[in-house]
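Engineer: how would this look folded up:
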Amino acid sequence: MEKRASEREDEVSSSSDTEFQDYLTDTLNKGMLAIMLSIGHRTKLFDIISSLNNPSTSEEIALQAKLNERYVREWLGAMVVSRLVEYDPAYKTYWLDKEKMNSLTRASGSYNFAASMQWIPILAQIEDDIINCFQKGGGVHYDSFNRFHEVMAEESAQTVVAGLFDFIIPLIPGLEENLMGGILVLDIGCGSGHAINTMATRFPNSKFIGYDISEDAINKARSDGLQLGNKNVSFEVNDVSNPQAMKTNIDLVVAFDAIHDQRDPVGVLKNIAKAINPNKGIFLMQDILGSSSLEKNINHPLGPFLYTISCMHCMTVSLAQNGAGLGAMWGKEKAIEMLKNS
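Structural biologist: Just a heads-up that it's a prediction; the model follows:
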């Protein structure tokens, strides 16, 4: 006998429920995996397994990594059931396939996804503060984010510095030649100074200045600059929304993933326009690729990540300063509009 319409609807609903539950189960598993990937990066376990070249026991891996074997074995369990690390049950040995090494190790030369997984525990540590902001408004200050600048420096190395000389600087005709000859460069929101110290080493005839609101980040930037022997770079704790804080006649101002975090992004852009050399000055800005319209970001490959990091860092650190709270997903359209009006 043909099934009644109500029975067919129940079957469709049940199937839909199961698919959604599978989706949430997968999300739960991958959320936990992200934390374990972060641990694997911080403990250098991926690098150690990669360097051993041959299948190795948990004892051999732990000994090489100078880590506790019991913890290493449990971590390896998470990696094996996640299909990231290979396992031979007969010999109880583990190894990492070459194609996976390329995305999980420091020396691969490819994008290291394990390094980026560190954002999950960094954001999780301020969850209570964020919930308080949901209830009362306000924001969470930079100082509340443990290891933020350390991880941001790693991220910058992959997203900015890795392409600085091959892709970013060549965007502007003649810029490399000018840097070789000697110009004045200002980095807005320089963080730990990885990008600007790299440029200062490459272009010794140019002078470089780095501004950031974080004293810890500036201290790290200075320390790294000294270690590199850079005598052409200086760093200052500075709020670039203050027009009196900015130097003038700057030949090149750069802002790597920094404008949307600002307390007063409109004011900062106007201050940059005033600081640039009126005859030959250039402003080079790199920021998150997205749209100002939510509906256009639905299929963004990093949509959930970007909106989360915006809510739990970019937006909230601005609001903590009674700022605009622009957020990482301000979008290309809004960015272009603000640049034109500055």
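Engineer: rest of the way, CA atoms for contacts and neighbours
Structural biologist: OK.
Engineer: Only the buried residues of the strand or helix carrying Asn29, if you could.
Structural biologist: For Asn29, the element it lies in under DSSP states H and E is helix 5-42. By 16 or more other C-alpha atoms under 10 Å, the buried positions in helix 5-42 come out as Leu33, Ala34, Ile35, Met36, Leu37, Ser38, Ile39, Gly40, His41.
Engineer: Next: stretch 132-147.
Structural biologist: Cys133, Gly138, Gly139, Val140, Tyr142, Phe145.
Engineer: Checking the residue nearest to Lys332 when sequence neighbours are not counted next. Helix, strand or coil?
Structural biologist: Distance criterion C-alpha to C-alpha, 6 or more residues apart in numbering; nearest residue to Lys332, sequence neighbours excluded, is Ser291 at 5.4 Å. The local conformation at Ser291, judged by DSSP: H, G, I helix; E, B strand; the rest coil, is coil.
Engineer: In this structure Ser291 contacts Ile336, no?
Structural biologist: No: counting by C-alpha atoms under 8 Å, Ser291 stays clear of Ile336, with 11.0 Å between them.
Engineer: In terms of neighbours, single out the busier of the two.
Structural biologist: Counted by other C-alpha atoms under 10 Å, Ser291 and Ile336 do not tie: Ser291 has more neighbours, with 18 against 11.
Engineer: and that one, how far is that from Lys334?
Structural biologist: Distance, Ser291 to Lys334, using C-alpha to C-alpha, to the nearest Å: 8 Å.
Engineer: ditto for Pro89
Structural biologist: From Pro89 to Lys334 the distance is 55 Å (C-alpha to C-alpha).
Engineer: Those two: which has the busier surroundings?
Structural biologist: Taking neighbours as other C-alpha under 10 Å, Pro89 and Lys334 compare with Lys334 leading, 15 against 8.
Engineer: can you confirm the more buried one is in a strand?
Structural biologist: No: the assignment for Lys334 (three-state DSSP) gives helix, which keeps it out of a strand.
Engineer: can you pull the contacts of it?
Structural biologist: For Lys334, the contact set (C-alpha atoms under 8 Å, 6 or more residues apart in numbering) comprises Ser292.
Engineer: Tell me the confidence at it?
Structural biologist: Lys334 is assigned a predicted lDDT (pLDDT) of 97.
Engineer: cool, and Ser15?
Structural biologist: pLDDT, Ser15: 71.
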